[in-house]
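J.: Below is the sequence, then the predicted model.
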Amino acid sequence: MTGRAETRQAAEREVVDRETWLAARRALLDEEIALTRARDRLAEARRALPRVRIAADYRFVGPEGALRLGDLFGPHRQLAVYHFMFGPDWDAGCPICSFWMDSLNGLVPHLAARGVSLVLVSAAPLEKLEAYRDRMGWDLRWVSTGDGRFNRDFGVSFSGDELAPEARIYNYGKAPTPGPEAPGFSTFERDADGAVYHCYSAYARGLEAFNAAYGLLDLMPRGRDEGALPFPMAWLRRRDSYAG
């Protein structure tokens, strides 16, 4: 829950004895267990989605030079791509995407143990990506699309007439985006014969599943405490830009 209701309910929250609290907590646990089971069913349905064979010859630029989509898998059969908002003429990466990467950094060895490669993909030139990654202290693999269509085809980069509000398609429908770049997450699978398939993509609040900070804040007494802000994430800064 977000919004002004968080602050109001925190101020009005009842103070009780331990036994009364335990009874309320056990009742809430039943709801949490039900949600976990529903989430498990949703994950199973997600894995059962049909897949689409990739026919386009997508090209990228990495530290090792020119790459194809299949090269991003490394030795693994599965690929997770975070579409990181970093336009070609930007001086720095998106602070909101950076918030997500602070949660993902360090996961690469664990994902590799389950046959998954994690790669960030952006439109900015490789040298900008590497400089920003060094600034943020991440170890994540990051490649540039250059002038290729990969991020456009996966619904996170827009140009020309696509920027018109009535024409912009995001998160599987007409929806506002911050500008020419938007965040997203896509998964791919590679068969033994080398064919690559698109399996899943998520956008907007569909990305919250792997933001550890929001998951923790949702457990706190005041939640995300964003209700009095001009927009929900107005408090957010890059990790090296908080005062003090």
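T.: Arrived safely. Given the structure is predicted, the values throughout are model-derived calculations rather than measurements. Numbers count the residues shown, from 1 in each chain.
J.: centre of the chain versus the lengthiest helix in the chain, how much separation?
T.: The helix that spans the most residues within the chain, counting by DSSP state H, is helix 18-47. Offset of helix 18-47 from its chain centre (Cα atoms, centre = their mean, to the nearest Å): 24 Å.
J.: and if you look at stretch 81-88?
T.: Remark: stretch 81-88 is offset 10 Å from the chain centroid, using Cα atoms, centre = their mean.
J.: Please apply the same query to stretch 166-186.
T.: 14 Å.
J.: got it, and stretch 61-79?
T.: Centre-to-centre, stretch 61-79 and its host chain are 20 Å apart (Cα atoms, centre = their mean).
J.: List the contacts of that stretch.
T.: Here stretch 61-79 makes contact (Cβ atoms under 8 Å, 6 or more residues apart in numbering) with 54, 57-60, 81, 112, 114-117, 119, 125-126, 130, 141-146, 150, 187-191, 194, 196. Using the backbone N, CA and C atoms, a C-beta is placed for each residue, glycine as well.
J.: on that earlier part again, check which residues of the longest helix of the chain are buried.
T.: Using 16 or more other Cβ atoms under 10 Å as the test for burial, helix 18-47 gives no buried residues.
J.: Now do that helix: which elements does it pack against?
T.: With contacts taken as 3 or more Cβ pairs under 8 Å, 6 or more residues apart in numbering; DSSP states H and E, helix 18-47 sits against no other helix or strand.
J.: which element follows it toward the C-terminus?
T.: Using DSSP states H and E, the helix or strand that follows helix 18-47 in sequence is strand 52-53.
J.: Can you list the strands that that following strand pairs with?
T.: Using DSSP bridges, the strands paired with strand 52-53 in its sheet are strand 196-203 (antiparallel).
J.: Could the C-alpha coordinates of whatever helix or strand comes next after the partner strand be exported in PDB?
T.: For strand 196-203, the following helix or strand on the C-terminal side (DSSP H and E) is helix 212-217. Listed next in PDB are the C-alpha coordinates belonging to helix 212-217 (Å, rounded to 0.1, in the frame of the first residue of the first chain):
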ATOM      1  CA  ALA A 212      14.900  -5.800  -2.800                       C
ATOM      2  CA  ALA A 213      14.700  -2.300  -1.300                       C
ATOM      3  CA  TYR A 214      11.000  -1.900  -2.000                       C
ATOM      4  CA  GLY A 215      10.400  -5.400  -0.800                       C
ATOM      5  CA  LEU A 216      11.900  -4.500   2.600                       C
ATOM      6  CA  LEU A 217      10.200  -1.100   2.700                       C
END
